[in-house]
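Asker: please find the sequence and the predicted model below.
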Amino acid sequence: MGENVLSSEQIDAYWRDGFLVMPDALDAGRVATLNEVFQTWCDESAAETSSYGQTVDGRARFDLEPGHSVEAPALRRIASPVEVSDDYLAAMRDSLALDAVAQLIGPNIEFNNSKINSKQPGAATEVKYHQDFLFQPHSNEDLIAVLFFLDDVTLDNGPLEVVPGSHRGEMFDHWHDGVFTGAVDGSISAKAKERSIPCVGPAGTACLMHTRLLHGSAPNLSDQPRTLFIAEYRAEDSRPLGPSHIPSIYEGDVVRGERTGRIRSTAFEMIEPEMPREASFFNQQAVEG
């Protein structure tokens, strides 16, 4: 716990590109355990006809993809799994990737939020290009999402696609014609697609991603699942400027270092985001502005 796990070259690459792919962030035993828990949730979801469960703000915890059925269960999002699984909570609290986060934006680190995003074989859900910070303004931008690969992520099963260096550029509006779509507009998305690179790797890999990095992902066109456990962290001196879109009883817990009580601010401008009314932002992205 608390070890320096990144080289100076990796640190430089993260700040240059806005992301870093980290092999072996989770060992095989932990990956297997997390997958077993997730499979239990998938099996339970087969009996449901609509998104279900409840987060601390009353929205559904388990988000089902359109077309979900008993014959073809399609659980695509679990909000704050750390609240309903000790195994996911333990993975959030301690990993080599968290050590890396502390090197990059530490030493004092708070937990921000967590979720599971899953694309079952043939899943049609596409994640449109967006920047996470536009959903969650904070006093400064030292937030990192850690995407743990629970399956082998390939070019065919809907990998994360990132635009290197875009975290150092513009913060794009996610509102269009008075509607919060949770995505950039079509012209920006087309340019992003041209510059994107996929993040692939075996199960246990993690991708560390800057909160302003432009990213998305395509549908899963393969016969293999693609499931990510995503834990997001913030510098302890970064304060949320609104309610969390994925609230948790653990938000603000110090997971590395100590609490200082200090607040650090950086200059930026953006339009206040809209809280998802339903289980997740997938429904926001399904709306055309």
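Answerer: Here it is on my side, so go on.

Asker: can you tell me the SS state at the residue positioned nearest the centre of the chain?
Answerer: Among the residues of the chain, the one closest to the centroid is Ile230, at 4.4 Å (CA atoms, centre = their mean). Judged by DSSP: H, G, I helix; E, B strand; the rest coil, the three-state class of Ile230 is strand.

Asker: cool, Cys207 as well?
Answerer: On the basis of three-state DSSP, Cys207 is classed as strand.

Asker: that one touches Cys199, doesn't it?
Answerer: Yes. Look at Cys207 against Cys199 with CB atoms under 8 Å: they come within range, at 4.7 Å. Bear in mind the C-beta positions are built from the backbone N, C-alpha and C, glycine included.

Asker: shared neighbours, these two?
Answerer: 19, 21, 147, 160, 162 (CB atoms under 8 Å, 6 or more residues apart in numbering).

Asker: of the residues you listed, closest to Ile105?
Answerer: Phe19 (13.7 Å; CB to CB).

Asker: the closest one reaches Pro198, doesn't it?
Answerer: No. Counting by CB under 8 Å, Phe19 does not reach Pro198; the two are 11.4 Å apart.

Asker: can I get the shared contacts of Cys207 and Cys199 in TSV with secondary structure?
Answerer: As requested, the shared contacts of Cys207 and Cys199 are exported to TSV (three-state DSSP):
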residue	secondary structure
Phe19	strand
Val21	strand
Leu147	strand
Leu160	strand
Val162	strand
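
Asker: buried subset of those, written for PyMOL?
Answerer: Restricted to buried positions by 16 or more other CB atoms under 10 Å, the PyMOL selection for the shared contacts of Cys207 and Cys199 reads:
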select buried, resi 19+21+147+160+162
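
Asker: bridged to Val146, which residues?
Answerer: Leu208, Ala231 (DSSP bridges).
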